[in-house]
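Chemist: Predicted model and sequence below, questions to follow.
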Amino acid sequence: MHRIENKVIWITGASSGIGEALVYALVKKNCKLIISARNEVALQRVRENCEQKEHIQILPLDLGDFKVMDQKVATALSFFNTIDILINNAGVSQRSLIINTKFEVYKKLININYLGTIALTKALLPYFIKMNKGHFVTVTSLMGKFGSPYRSGYCGAKHALHGFFDVLRMEHEKNGIDVTLICPGFVQTNIAKNALTADGSQQQTDDVATQNGLPVAVFTKKMLRAIEQKKFEAYIGQGETKGVYLKRFFPKLLHRVVLRSQVK
């Protein structure tokens, strides 16, 4: 197992939810952190909640602004002179039926969840190649392995991440680069409240499945263990993780199970 202590780690989507929980867990492991999100005020709040503030640097980032990624990577590298791990955690979910969803909503989901993540990853990749080491950790979803109603665009973007990062791993294993895909199930965060609806507005309400999901601190502990083990993929949740195996071996059964679940 490769210990995560004392690493320099860049976390996107660090202003809330899983990203915020990662900050609190990693700073206790004496890691030096670069934390990014669009909301700089929220990032300041997260930093103020930590005792070792000098180990945390704030770098505001909008994944939809593809053109600034090279500049953002240069700035990130200037903080601690290196980066060991990039945790691609930022993203947005969806709660709307296909028939009702505006095409612009699908473009936004792809731009943030897929293309923005790819743009940032590609900008950092030359540095990892030069150093002959590095670890890309990308938070996808169980929805990157199978689908569920009301999440068509989100599922599409998360499936795409799996295709891209599987190939990145194949192409750059020779450069000492590791890739771990983290697939959360239901976790107690604001993902449902922030999810995009058919017209692109936020849902602003929680759902029962999310409320009954894993506590974010429990999820984070399991995620960090998967990173240290350098797993290719980790499915972290409760009973919903069984869907991965049903999809592989009994896809028609999964279809019926998901429809019966009435999860929205």
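Modeler: Received it, and whenever you're ready, just let me know what you need.

Chemist: C-terminal to the longest helix anywhere in the chain, which secondary structure element comes first?
Modeler: If you go by DSSP state H, the chain has its longest helix at helix 152-172. Once the chain leaves helix 152-172, the next helix or strand it forms, by DSSP states H and E, is strand 177-184.

Chemist: on contacts alone, who are the packing partners of that following strand?
Modeler: In terms of contacts (3 or more Cβ pairs under 8 Å, 6 or more residues apart in numbering; DSSP states H and E), strand 177-184 is packed against helix 116-131, strand 134-139, helix 152-172, helix 216-228, strand 233-236. Every C-beta, even on glycine, is put in place using the N, C-alpha and C of the backbone.

Chemist: the strands in the stretch 1-150 of the chain, which residues?
Modeler: Shown for the stretch 1-150 of the chain, the strands assigned by DSSP state E, counting those that start in this stretch span residues 8-12, 32-36, 56-58, 85-88, 134-139.

Chemist: and the longest one with strand 8-12, angle?
Modeler: For strand 134-139 and strand 8-12, the angle between their directions (axes from the mean of the first three to the mean of the last three Cα atoms, to 10 degrees) works out to 30 degrees.

Chemist: Next, count neighbours for N30.
Modeler: By other Cβ atoms under 10 Å, 12 other residues sit near N30.

Chemist: Touching, it and I4? I think so.
Modeler: No - using Cβ atoms under 8 Å, N30 is not in contact with I4; the gap is 9.7 Å.

Chemist: Make a markdown table out of the strands of the stretch 1-150 of the chain and add mean pLDDT.
Modeler: Formatted as a markdown table, the strands of the stretch 1-150 of the chain follow (pLDDT from 0 to 100):
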| stretch | mean pLDDT |
| --- | --- |
| strand 8-12 | 98 |
| strand 32-36 | 98 |
| strand 56-58 | 98 |
| strand 85-88 | 98 |
| strand 134-139 | 98 |
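
Chemist: one step back: return the distance of the longest helix of the chain from the chain's centre.
Modeler: 12 Å (Cα atoms, centre = their mean, to the nearest Å).

Chemist: What is it packed up against?
Modeler: Using 3+ Cβ pairs under 8 Å, 6+ apart: helix 152-172 touches helix 103-110, helix 116-131, strand 134-139, strand 177-184.

Chemist: Residues touching the second one, excluding its own?
Modeler: Residues from elsewhere that reach helix 116-131, judged by Cβ atoms under 8 Å, 6 or more residues apart in numbering: 10, 12, 61-66, 69-70, 72-73, 76-77, 82-83, 86, 88, 90-91, 134, 136, 138, 161, 164-165, 168, 172, 175-177.

Chemist: again, only using 6 Å
Modeler: 63-64, 66, 69-70, 73, 86, 88, 134, 175, 177 (Cβ atoms under 6 Å, 6 or more residues apart in numbering).

Chemist: Check the last one too.
Modeler: When contacts are defined by Cβ under 6 Å, 6+ apart, strand 177-184 is touched by residues 128, 134-142, 165, 168-169, 223, 227, 230-231, 233-236.

Chemist: hmm, back to that, with G19 as the reference, name the closest of the strands of the stretch 1-150 of the chain.
Modeler: With Cβ to Cβ as the criterion, G19 lies closest to strand 8-12 of the strands of the stretch 1-150 of the chain, at 5.4 Å.

Chemist: name the helices or strands packed onto the closest one?
Modeler: Applying 3 or more Cβ pairs under 6 Å, 6 or more residues apart in numbering; DSSP states H and E, we find strand 8-12 packed against helix 17-27, strand 32-36, strand 85-88.

Chemist: Sheet partners, orientation included, of the last one?
Modeler: I take that to be strand 85-88. Applying DSSP bridges, strand 85-88 is found paired with strand 8-12 (parallel), strand 134-139 (parallel).

Chemist: could you dump the first one to PDB, C-alpha only?
Modeler: Output of strand 8-12 as PDB, limited to C-alpha atoms (Å, rounded to 0.1, in the frame of the first residue of the first chain):
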ATOM      1  CA  VAL A   8       0.800  17.400  -2.300                       C
ATOM      2  CA  ILE A   9      -2.800  17.000  -3.500                       C
ATOM      3  CA  TRP A  10      -5.000  19.100  -5.700                       C
ATOM      4  CA  ILE A  11      -8.700  18.700  -5.000                       C
ATOM      5  CA  THR A  12     -11.400  20.200  -7.300                       C
END
